[in-house]
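1. fold the following for me, if possible:
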Amino acid sequence: MTAASGVLDAAASAVSGGPSPLVGRDLLNLTDFTSDELRLILDRAHYVKELQKRREPHRWLEGRTLAMVFEKPSLRTRCTFEAGMTQLGGHAIDLLSEHMQMGVRETVPDVARNLDRWVDAIMARVFLHSTLETLAEYASIPVINGLSDLSHPCQILADLQTMEEHKGRGQLGGLKISYVGDGFNVTHSLIDAAGTLGLELHVATPRGYEPSDHVVSAARERGKQTDAAIHVYNDPREAAADADVIYTDSWTSMGQESERAARLAVFPPYQVNAALTGLARKDVIIMHCLPAHRGEEITDEVMDGARSVVFDQAENRLHAQKAILSLLVGS
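-> Numbers count the residues shown, from 1 in each chain. Okay, the predicted model is just below:
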């Protein structure tokens, strides 16, 4: 067996539940992983979804426990991580913020030190990204970002899986992916993915609501090696023109409620509606990470239309996160 064939065999084994090269790693941002490592996660996500469809058992995490830390409310993150652990043969503990009072009743380092002794991984959905970094610093077990003010990597892995389902496996690099709306955490993770995987990404936001300059510049620097094309501007029509994918998110995220009135005054031109999607390719897919404020960032006509894959995205949170858990925690 040649060295090259040995690498390929190891990769195929890792996809199908064999030894994982990612055991023990944290997932705080997509930038924590190489393009090959992200490809492994996506390939396992596709694989576990097929197993789920065929009702074939894949209880790779028997006897393992996930602690779920929630500072922000959640439907998709809570349900998909708990269901995912159950389907993998493990168990998830929902640690409600009012019970933990992390950072108030007990310091974040002490919470990490305790959980490190009891469970096999931590998933945290938090206001500040620095909270995740502190958990990862003081815990030796994997820490997974369920959402922070900086990024939402699990969401974007599910989104990339969804794009591949509708546009073809291995075809991400040939798509014009357009994001229209607020340049916040979801946008940052899309930009991170674009730089690492070599994607063509167009981001259109109102002035003053652009994504982080640091995130964009770092992704463009990585993109020099992957032939990524990352464009950030203010014209939603330019982003939508000939797009293969149009993606949006709520205009006012959790923690930004005091800005709602100001945002509603400037974001209406960025609504994903029939006029905007009509500029895209005929086979465009429409994406939204949810929850949606129907009639604001997206219309009912588009969200419920034939080109919408919004609920496919939501389903794939389960499969992408099962891939993440099984690869980071290990069989």
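2. quick one: Ala124 from Asp94, how far?
-> From Ala124 over to Asp94 the distance is 12 Å, taken as Cβ to Cβ, to the nearest Å. (C-beta placed from N, C-alpha, C; glycine too.)
3. now do the shared contacts for these two.
-> Met68, Phe70 (Cβ atoms under 8 Å, 6 or more residues apart in numbering).
4. these two: which is more packed in?
-> For Ala124 and Asp94, the more surrounded residue by other Cβ atoms under 10 Å is Ala124, and the numbers stand at 28 against 14.
5. so which strand or helix has that one?
-> Ala124 is part of strand 121-125, with elements assigned from DSSP states H and E.
6. and the next helix or strand after that strand with strand 121-125, angle?
-> Sequence-wise, the next helix or strand downstream of strand 121-125 (DSSP H and E) is helix 129-138. Going by axes from the mean of the first three to the mean of the last three Cα atoms, to 10 degrees, helix 129-138 is angled at 170 degrees with respect to strand 121-125.
7. buried residues, helix 129-138. List them.
-> His129, Thr131, Leu132, Glu133, Thr134, Leu135, Ala136, Tyr138 (16 or more other Cβ atoms under 10 Å).
8. now do it: distance to the chain's middle.
-> 18 Å (Cα atoms, centre = their mean, to the nearest Å).
9. and that helix, what does it pack against?
-> Applying 3 or more Cβ pairs under 8 Å, 6 or more residues apart in numbering; DSSP states H and E, we find helix 129-138 packed against helix 108-118, strand 121-125, strand 143-147.
10. got these as JSON lines, with distance to Ser212 and mean pLDDT columns?
-> Compiled in JSON lines, the helices and strands packed on helix 129-138 are given as follows (distance: least, Cβ to Cβ, whole Å; pLDDT from 0 to 100):
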{"stretch": "helix 108-118", "distance to Ser212": "23", "mean pLDDT": "96"}
{"stretch": "strand 121-125", "distance to Ser212": "20", "mean pLDDT": "97"}
{"stretch": "strand 143-147", "distance to Ser212": "16", "mean pLDDT": "98"}
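11. nearest to Gly170, out of the ones you listed?
-> Nearest to Gly170, of all these, is strand 143-147, at 25.7 Å by Cβ to Cβ.
12. give me the buried stretch members for that closest one, please.
-> Those would be Val143, Ile144, Asn145, Gly146, Leu147, for strand 143-147 by 16+ other Cβ under 10 Å.
13. what is the first one paired to in the beta sheet?
-> With beta bridges defined as DSSP bridges, Val143 has these partners: Ile122.
14. pretty sure Val272 sits against Val180.
-> Yes - with contact defined as Cβ atoms under 8 Å, Val272 reaches Val180; the gap is 6.1 Å.
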